[in-house]
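Trainee: give me a model of this one.
(one chain, ligands or ions: 1)
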Amino acid sequence: MTTAEYSQKLDTVVTELKTALQSATSSETVEALKTEYLGKKGSFTLLSKQIKDVDDKKEAGQLLNTTKQTLEDMLATARTTAAKKLAWIDLTMPGKKPEVGHTHPVSQAMEEITHIFEQIGFTRVRYPEVDWDHYVFEALNMPKSHPARDEWETFFVDAPVDNQMGKMVLTTHTSNGQVREMERLNSQPPIRMINIARCYRRQQDATHTQMFHQFEGLVVDKGITIQHLKGTLDYFAEQFYGPGTKSRIRPFHFQFTEPSFEVDFSCQICHGTGYLDDAETQKCRFCKSGWHEVGGAGMVHPNVLKAGGIDPDEYTGFAFGWGIERTYTLKEGLNLDDIRLLYSGDLRFLHQF
Ligand code: PHE
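Mentor: Numbering: from 1, shown residues only. Here you go, the predicted model:
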């Protein structure tokens, strides 16, 4: 092969790379082209091996060197251009909106519940979520080894036992706030407390989480009757669930109230009828009976008033307490079949509220 022929072949490689680099916009493509031309099996490398067939090897060697230099220069320029492209910023482009967060649905419910009760003169308080047996059980008319204690699936804290206060437990209900509130007010009614806090029980399934929230109402004054309790429940039902919602109380038993009740609210979907149509052929699948059970209530037991230093002959009171998660998920349209979702931390779920 003559030097001229060899030179022409080398020129072709240069032209090819030039064309290829014109459409190479990213650093990755530039690097790929480098391998394609200068790599072990690259077209330039293969051509350089043909030097043995050229007549004038000295001249051919010089040609090879300059061509290699040209190819490397072209690649270097293309590399810089690609890097500059990456760093280029269009300052006139509209900005990216940062995502705006919002409070957790359970926090929203707590704020709403607080607001509803503040309207009628209740004060929001918070009491310990790790508390003494005394406030969680003993002062609530549940003496040691009383079977009623078994209902509360209690977590006990591995801490020294106090002579007067007993063991330390994770609060199983917000009722621990009752005697604490009486003490805070130096046993001087009137008391109108709304206590919202975390509670813990050893149970977990689709409708229970080991950690949940309760809100507890306590009213103590002269002449407080069941009528006041019922009126307060009806007021809450209408405020929280909407006009027309009714409350219902059914006889029950708690150690710390006498009489005691379970509290139901009429269903939002079927308006308490249990049916979706007037002919009563289609059962409401949300409630099945027209009512949803939400929690407990009752007239404060005289022993509890005494534990808080209040004379039960002079004062009476009512108390109620139930779960925030359950109360919240009963809201119209929110047919949540697994409350554990509330604590899954899954933003796809939380964004909906
Ligand atoms: N503490 C009870 C529970 O967790 C509810 C309750 C509160 C009942 C106040 C009566 C009075 O189930």
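
Trainee: number of residues surrounding Lys97?
Mentor: For Lys97, the count of nearby residues is 6 (other CB atoms under 10 Å). Heads up, the C-betas are built off the backbone N, CA and C, glycines and all.

Trainee: OK, contacts around it?
Mentor: By CB atoms under 8 Å, 6 or more residues apart in numbering, the contact list for Lys97 is empty.

Trainee: that one belongs to a strand, doesn't it?
Mentor: No - counting by DSSP: H, G, I helix; E, B strand; the rest coil, Lys97 falls outside a strand, being coil.

Trainee: and it, what's its pLDDT?
Mentor: At Lys97 the predicted local confidence, pLDDT, stands at 88.

Trainee: so which bits of the chain are right by the ligand?
Mentor: 173, 175, 216, 254, 257, 295-298, 319-321 (CB under 6 Å from any ligand atom).

Trainee: could you report the neighbour count for Leu229?
Mentor: Neighbours of Leu229 under the rule other CB under 10 Å: 24.

Trainee: adjust the sequence numbering to begin at 53 for everything that follows.
Mentor: Will do, 53 is the new start, and the previous item becomes Leu281.

Trainee: neighbour-wise, give me the winner out of the residues of the chain next to the ligand.
Mentor: Most surrounded of the residues of the chain next to the ligand: other CB under 10 Å gives Ser227, at 30 neighbours.

Trainee: now secondary structure and distance to Thr97 too, for the residues of the chain next to the ligand, in CSV please.
Mentor: Compiled in CSV, the residues of the chain next to the ligand are given as follows (DSSP: H, G, I helix; E, B strand; the rest coil; distance: CB to CB, whole Å):
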residue, secondary structure, distance to Thr97
His225, coil, 80
Ser227, coil, 84
Glu268, strand, 82
Phe306, strand, 89
Thr309, strand, 91
Gly347, strand, 81
Gly348, strand, 85
Ala349, strand, 88
Gly350, strand, 91
Ala371, strand, 89
Phe372, strand, 86
Gly373, strand, 82
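
Trainee: shouldn't Pro303 be within a strand?
Mentor: Yes - the assignment for Pro303 by three-state DSSP puts it in a strand.

Trainee: tell me who's in contact with whichever residue of the stretch 153-302 of the chain sits closest to the ligand.
Mentor: Proximity of the stretch 153-302 of the chain to the ligand (CB to the nearest ligand atom) peaks at His225, 3.4 Å away. Neighbour list for His225: 188, 204, 251, 266, 268, 373 [criterion: CB under 8 Å, 6+ apart].

Trainee: run the last query once more with 7 Å
Mentor: 204, 251, 266, 373 (CB atoms under 7 Å, 6 or more residues apart in numbering).

Trainee: excluding sequence neighbours, find me the nearest residue to the last one.
Mentor: Spatial nearest neighbour of Gly373, chain neighbours left out: Glu268 (4.1 Å); criterion: CB to CB, 6 or more residues apart in numbering.
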